[in-house]
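**Student:** Here's a sequence, model it:
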Amino acid sequence: MASSLQKKPIKYSRALVCFPVLVLFICSLQACGFQLRGAVNLSTDLSPVYLEQNGVYDLAREIKSLLITNNIKLADTISQSKSQLVLLSEEKSRSVLSVDGSGRAKEYLLMYKVNFRFDSSQKKDKTSTDSEQISITRTLLFDTDAVLAVTNEAEIIYRDMRREAARLVLLKLQAGS
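**Tutor:** Residues are numbered from 1 along each chain as shown. Alright, predicted model coming up:
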């Protein structure tokens with residue numbers, strides 16, 4: 001009976017030690033400014049948004065998905081919209097970063113660039129028609145024994161870069177609104 005009484009204080013003492021450590025950890029996260037990503041909050045004066053794709057279909061699909069997820073209305077025509085997001089172009093490219101002793105590529109730099117323009121009924125000055133660019137880069141290690149796998153990995157990386165570009169476009173719109 002005495003041994004069971006001694007074990008309980010040990011359990012409680014561990015909890016008492018862990019609790020301050022947990023509180024200290026949470027306070028340090030708050031102090032450094034850490035926040036979860038959360039939703040994109042566009043001004044209600046900019047909604048509904050008309051999205052002009054101009055042949056950039058995959059990126060437009062990602063942006064539409066993000067707009068719908070964040071409860072931002074999409075307009076079917078320019079006349080129904082208060083603002084327009086015009087996707088001008090996208091460009092995928094790669095360059096060699098490093099080579100092996102026999103001169104074969106071992107590492108590539110993958111680049112994804114997006115040009116877009118945002119026009120709103122509130123901004124009638126010349127700066128509202130200037131295009132903006134987002135550029136994202138990633139590295140890809142090339143394995144000569146798994147060429148097909150490397151090609152698939154490159155497509156996955158480009159898809160992730162497209163998602164990141166869509167999120168960055170919306171964040172730029174949020175910052176400008």
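
**Student:** From now on I want contacts and neighbour counts done on CA atoms only, so please keep to that.
**Tutor:** Fine.

**Student:** buried set for the helix or strand that contains Glu91?
**Tutor:** Element membership for Glu91, per DSSP states H and E: strand 83-99. Using 16 or more other CA atoms under 10 Å as the test for burial, strand 83-99 gives 83-88, 90.

**Student:** so which pair among those residues is furthest apart in space?
**Tutor:** Distance extremes for the buried residues of strand 83-99: the farthest pair is Ser83 and Glu90 at 21.0 Å, using CA to CA.

**Student:** Show me how this structure divides into domains.
**Tutor:** Split into domains by automatic domain parsing, the chain comes to 1-35, 41-176.

**Student:** got those domains as TSV, with mean pLDDT columns?
**Tutor:** Below are the domains of the chain laid out as TSV (pLDDT from 0 to 100):
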stretch	mean pLDDT
domain 1-35	63
domain 41-176	83
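
**Student:** if I pick the nearest residue to Gln133 once chain neighbours are set aside, what's in contact with it?
**Tutor:** Closest residue to Gln133 in three dimensions, ignoring its sequence neighbours and counting by CA to CA, 6 or more residues apart in numbering: Asn115, at 4.5 Å. Neighbouring residues of Asn115 by CA atoms under 8 Å, 6 or more residues apart in numbering: 87-90, 131-134.

**Student:** in a helix, that's where Asn115 is, yeah?
**Tutor:** No: assigned with DSSP: H, G, I helix; E, B strand; the rest coil, Asn115 falls outside any helix and is strand.

**Student:** For Val21, see how far away it is.
**Tutor:** 47 Å (CA to CA, to the nearest Å).

**Student:** What distance do you get for Thr151 to Thr144?
**Tutor:** Thr151 is 11 Å from Thr144, by CA to CA.
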